[in-house]
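Novice: fold the stuff below for me.
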Amino acid sequence: MKRALSRVVIASSLTMACSVVFTANVANAAGLPKPDAAKGEQLYLQGEMSRGVLACVTCHGDGGNSIIPVNPSLAHQPYEYLVKQLHDFRAKDEKSVPSRRGPEGANSLMTAIAAGMTEEDMQNVAFFLSQQPVNWDQAANATKEDTMERGQKIWRGGLPERGVAACAACHSPDGAGMPGQFPRLAGQHPAYIAEQLKLFRSGDRANGPMMHDIADRMSDADIAAVSDFAAGLR
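Specialist: Sure thing, here's the model as predicted:
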């Protein structure tokens, strides 16, 4: 048991080290300063009201561990993924709309917040969050035993008859996600996962064509089942 635990700790440390190095390289390639976790923490905790940037902790909890079902847990999410999402909440120009919107195309609260953030703000906050540990004691969990089997089937094998790929292929078997590409869904609020799948399906969230194609072939029952199952992964 101790040997297995040591392997997990070592693997986690190596993953974090690689993420930090990759993050620094991304910043350098863009000609920006290396992300500053301390500045990211300050903005996360205090916001910057002069620019309309609310304190992130208000909605996303201590260290990114949200306890509000409609607000996602952001702790230990991939840095590159978080930066991209912040960009996607705001429009590229006056003639376009954000690629991440709410139901029926309405802008979300994040649209106004992201509009007030600089590129450096986004990178700093994302870097801070990517380094925060998940509080598994308060993380969301699966609660619907009657849909567990169906959720597991979709997660592990998809719905081949409808062209729905297995969620595990991109988000990993244990729901940890893939650094730089796909978010962690393990311990995420099932209500939030379900809402995002429906937004992908409706096209109101248009920053993931692949996810639109997948969600478009899923029923509400499919979405509810796999969202609950994903939350229980560890």
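
Novice: what about the helices in the chain?
Specialist: Assigned by DSSP state H, the chain shows helices spanning 2-29, 37-46, 57-60, 79-88, 109-115, 119-130, 148-157, 168-171, 190-202, 209-215, 220-231.

Novice: roughly how far apart are the spatially most central residue of the chain and residue 217?
Specialist: In the chain, the residue lying closest to the centroid (C-alpha atoms, centre = their mean) is residue 183, at 4.5 Å. For residue 183, the distance to residue 217 (C-beta to C-beta, to the nearest Å) stands at 21 Å. No exception for glycine: its C-beta is placed from N, CA and C like everyone else's.

Novice: and stretch 104-120, how far out from the chain middle?
Specialist: Distance of stretch 104-120 from its chain centroid, counting by C-alpha atoms, centre = their mean, to the nearest Å, is 16 Å.

Novice: for stretch 33-45, same thing?
Specialist: That offset, for stretch 33-45, works out to 18 Å (C-alpha atoms, centre = their mean).

Novice: buried set for it?
Specialist: 35, 36, 37, 39, 40, 41, 42, 43, 44 (16 or more other C-beta atoms under 10 Å).

Novice: what is the burial count for residue 159?
Specialist: Other residues near residue 159 come to 18 when the count uses other C-beta atoms under 10 Å.

Novice: that one against residue 222, yeah?
Specialist: Yes: counting by C-beta atoms under 8 Å, residue 222 is a contact partner of residue 159 at 7.0 Å.

Novice: what's near enough to touch the residue nearest to residue 35 when sequence neighbours are not counted?
Specialist: Nearest residue to residue 35, sequence neighbours excluded (C-beta to C-beta, 6 or more residues apart in numbering): residue 127, at 3.5 Å. Contact analysis of residue 127 by C-beta atoms under 8 Å, 6 or more residues apart in numbering lists 23, 35, 36, 37, 40, 79.
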